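Participant: sequence and computational prediction follow.
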Amino acid sequence: MNSERAWRAFCAVLILALGAVWPAAADDSRVLRIITWASYVPSEVVAQFRKETGIEVQVTLSNNEEMISKLRATGGAGFDLAQPSQDRIFGAQQEFRIYKPIDTSRVRLDEFVPELVDAVRKNATVDGKLYGLPYVWGTEGLSYNSSRTKIADYTDLCRLELKGRTAVRLKRPTLMAFALASGHDPFALYHDTRAYTALMQQVGKTLAACKANFRFFYDNKDQLLNGVRSGEIWAAMMWDSGGWLLNRENPAIKFINPLSGAIAWMDTFALPARGRNDAAAYAWINFVMLPKVAALVGRSIGNFTASRGADKLMDPRIRAQFAETFPDGLKNIKWYPAIPAGLEEIEGEVLDRVKAAD
Amino acid sequence: MAETAAGALWYRRLVLALLLAPALLWLLALIVLPHFDLALLSFRARVAPREYVASLAQYRSFFGEPLYWHVFVRTALLSAFATALTLLVAFPIAWIIAKLARGRMSALLFVVCLIPFWVSETVRTLGWMILLRESGVLPALLVHLGITAQPVELLYHDATILVGLVYTSLLFMVVPLVGSLESLDNSLIEAAYDLGGKGWPILRTIVIPHAAPGITAGCIVVFMLTLGNYLTPTLLGGKNSLWFTEQIYAQFITRFNWEQGAAFGFLLLALSTAMVWLGLKASGQRFSDVMRRV
């Protein structure tokens, strides 16, 4: 009798416990889960979107590599919208099938800058289907503290007197920049594996010899900005938005277009293959591309968006800074072509060696 | 009569199985199954997009690439060194808590050791970065005291990594040490002194043999924590960290090469198993005795 009661109590506890851990069924249609970069989804835009549509936006901050890895791990589930760079869609889609095609009939395409849509269409089309739409674009160039030093090209970061005073990312953009500065065009060699490997190995040697000059390899923008602000870093590879931000805080810090050319990136909207709320994702895309909203986003990131009407609403100071950095407009800027699958492995081995160098 | 006895036995077994079920399910779902999957991953290689063949390429590339096993050996040696340092620092603390401090004082000292663990590892490590960076607190203090003319960068050295690792693992060494030292009868030490023993021989012949299971337990836990630590070496070591867990992260996340990452993971597992086994053999301890102390 007693044991039977204990048995019943035990079962009851077990059932209760199961109920507690069972995921509460959320109302999917009211939630939009975005995986994106820092400051890409400003909270005021989220609040406006909620007011107009009743949809709650959940943001996960990430970077290109993590976005691909996370979506790969789940087969494209867990998020309804992702924002990878335009050159990182093709290889990832070919290899891991983590996105679904964009239905352009559900997007107000006329809100976008047509040239940017064409650029993405060229790089993010797989098997004839489009997998991305442009969101924000910007450049990566050089920043330096003019009260300490003056530099003109990427390889100047390796000058003797800058020992321990520079910073770069230990990632592929740095390889591209130093390859360009060595007088080669890495993008032209993307499909020539042997020549590309040779070029990367040469760049790796340059970076390894230069390692004493790098104080650290930064993983995020804040780490870099703090390094420059505190005076520990005198010169660094930098995104334009960060460079202009520092310049507004301290006019002695300049952001320049390097002699061998700034590298332009563009981040996109892409739909994860097993996203649950496409309707909300399309609603969000159409909402943030409205010129007024896109201008808010542009101000939050400090970069220009792909919204056609937002350009004129952009902060005049940023427009002035853009004109100062790029007096010739977009002439000496290199755009990333789509990365073929497998290229990152070649670069990875080179980056490993740089990391291990003394 | 016999039937009820059998029934009771069956019932007791059922209760035992049910009580163990959550833990076993946990082990199976979160430890055994993922490792099985990783083992399969580590024995294949990519030949074309979404095309894989069974292969030993991942293990071959580990042994063929000096960089990988250099980092592997370095991680093992630095971890062993950090464990030894932790033991050296923790032993006096444990001795004071177990033998010298009384009542509330002993509890207070224990809490002092515990306090750093009230904040997350990230915050603790970032705290070290604020203290040690060139524009940080400690370099400024050194300049102020006239010890260095310029602020020096104290981050990004192997010594910095070791400081961080010892700090992070101190508690895991102190706890088993206190346990094993408390059970040491004070009269044994007093008797040794009465018989003319001196400090060092007493420590060597009486205290350490008695505390050996606790020491081994602490060393095993600290070594494993250190070997598998990712955050501390990465943040404090900066551009020169070269920790093996970082290689695993890089393979999985930035290279999209799960196969290589899985192989690295298994090599790390083999390394920690081998080192623990060696440690047990060298100290003449039995695993089951040691684990009771943790």
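Facilitator: Okay, I see it.
Participant: please make it C-alpha for all contacts and neighbour counts, starting now.
Facilitator: Fine.
Participant: where does the prediction get shaky in chain A?
Facilitator: For chain A, the stretches with pLDDT under 70 are A:1-27.
Participant: biggest strand in it by residues?
Facilitator: strand A:133-145 (DSSP state E).
Participant: counting contacts, what elements does that strand pack onto?
Facilitator: helix A:114-123, strand A:235-239, helix A:240-249, strand A:253-256, strand A:262-269, strand A:304-305 (3 or more C-alpha pairs under 8 Å, 6 or more residues apart in numbering or on different chains; DSSP states H and E).
Participant: wait, which of these is closest to B:V119?
Facilitator: For B:V119, the closest of these is helix A:240-249, at 30.7 Å, according to C-alpha to C-alpha.
Participant: pull up the distance across stretch B:239-252, start to finish.
Facilitator: 19 Å (C-alpha to C-alpha, to the nearest Å).
Participant: partner strands of the longest strand of chain A, parallel or antiparallel?
Facilitator: If you go by DSSP bridges, strand A:133-145 pairs up with strand A:235-239 (antiparallel), strand A:253-256 (antiparallel), strand A:262-269 (antiparallel), strand A:304-305 (antiparallel).
Participant: could these be laid out in CSV, adding mean neighbour count?
Facilitator: Listed next are the strands paired with strand A:133-145 as CSV, based on neighbours: other C-alpha atoms under 10 Å in any protein chain shown:
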stretch, mean neighbour count
strand A:235-239, 26
strand A:253-256, 25
strand A:262-269, 23
strand A:304-305, 26
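Participant: follow-up on the earlier one: what about the helices and strands packed on strand A:133-145, which gets the closest to B:H35?
Facilitator: strand A:262-269 (34.7 Å).
Participant: does anything pack onto the helix or strand that comes right after the closest one? Which helices or strands?
Facilitator: Downstream of strand A:262-269, the next assigned helix or strand under DSSP states H and E is strand A:271-272. Contacts defined by 3+ C-alpha pairs under 8 Å, 6+ apart place strand A:271-272 against strand A:81-82, strand A:99-100.
Participant: most tightly surrounded among these?
Facilitator: For the helices and strands packed on strand A:271-272, average neighbour numbers computed from mean count of other C-alpha atoms under 10 Å in any protein chain shown are highest in strand A:81-82, which has a mean of 28.
Participant: so what touches it?
Facilitator: A:32-36, A:67, A:268-272, A:275, A:281 (C-alpha atoms under 8 Å, 6 or more residues apart in numbering or on different chains).
Participant: tell me where the stretch 1-150 of chain A has strands.
Facilitator: Using DSSP state E, counting those that start in this stretch, the strands found in the stretch 1-150 of chain A span residues A:31-36, A:56-61, A:81-82, A:99-100, A:125-126, A:129-130, A:133-145.
Participant: most residues in a single helix of chain B, which one?
Facilitator: Ordering each helix of chain B by length in residues (DSSP state H) puts helix B:66-95 first.
Participant: next one: that one to chain centre, how far?
Facilitator: How far helix B:66-95 lies from its chain's middle: 9 Å, per C-alpha atoms, centre = their mean, to the nearest Å.
Participant: and after that helix, which helix or strand comes next?
Facilitator: helix B:103-114.
Participant: in the helix or strand that comes right after that following helix, what's buried?
Facilitator: Of the helices and strands lying after helix B:103-114 in sequence (DSSP H and E), the nearest is helix B:121-132. For helix B:121-132, the buried set under the neighbour-count rule, 16 or more other C-alpha atoms under 10 Å in any protein chain shown, comprises B:124-125, B:128-129, B:131-132.
Participant: same question, stretch B:86-97
Facilitator: Within stretch B:86-97, the residues that count as buried by 16+ other C-alpha under 10 Å are B:86-87, B:89-91, B:93-97.
Participant: show me how far the helix or strand just after the longest strand of chain A is from its chain's centre.
Facilitator: The helix or strand immediately downstream of strand A:133-145 is strand A:166-168, counting by DSSP H and E. Remark: strand A:166-168 is offset 19 Å from the chain centroid, using C-alpha atoms, centre = their mean.
Participant: what about whichever helix or strand comes after strand A:166-168, near chain B?
Facilitator: Under the assignment DSSP H and E, the closest C-terminal helix or strand after strand A:166-168 is helix A:172-181. No: using C-alpha under 8 Å from any C-alpha of the partner chain, helix A:172-181 stays clear of chain B, coming no nearer than 10.1 Å.
Participant: and the following helix or strand past helix A:172-181, is it in reach of chain B?
Facilitator: Sequence order places helix A:193-209 as the next helix or strand after helix A:172-181, per DSSP H and E. No: judged by C-alpha under 8 Å from any C-alpha, helix A:193-209 and chain B are separated, with a smallest distance of 11.4 Å.
Participant: okay, the angle between helix A:193-209 and helix A:172-181?
Facilitator: With axes from the mean of the first three to the mean of the last three C-alpha atoms, to 10 degrees defining the directions, helix A:193-209 sits at 100 degrees from helix A:172-181.
Participant: which strands and helices sit next to helix A:193-209?
Facilitator: helix A:172-181, helix A:343-356.
Participant: strand partners (parallel or antiparallel) of the helix or strand just after that helix?
Facilitator: Next in sequence after helix A:193-209, counting helices and strands by DSSP H and E, comes strand A:214-217. Next to strand A:214-217 in the sheet, as set by DSSP bridges, lie strand A:166-168 (parallel).
Participant: and the contacts of the strand it pairs with?
Facilitator: Counting by C-alpha under 8 Å, 6+ apart, A:157, A:174, A:213-218, A:224, A:233-238 sit against strand A:166-168.
Participant: could you rerun that using 10 Å?
Facilitator: A:142-144, A:154, A:156-159, A:174, A:210-219, A:224, A:227-228, A:232-238 (C-alpha atoms under 10 Å, 6 or more residues apart in numbering or on different chains).
Participant: save the helices and strands packed on helix A:193-209 as a markdown table, and put in distance to B:L142 too.
Facilitator: Converted to a markdown table, the helices and strands packed on helix A:193-209 look like this (distance: least, C-alpha to C-alpha, whole Å):
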| stretch | distance to B:L142 |
| --- | --- |
| helix A:172-181 | 35 |
| helix A:343-356 | 30 |
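Participant: returning to what we had before: deepest of the strands of the stretch 1-150 of chain A, which one?
Facilitator: Greatest average neighbour count among those goes to strand A:81-82 (a mean of 28), per mean count of other C-alpha under 10 Å.
Participant: what is the distance between that strand and the centre of its chain?
Facilitator: For strand A:81-82, the distance to the chain centre is 12 Å (C-alpha atoms, centre = their mean).
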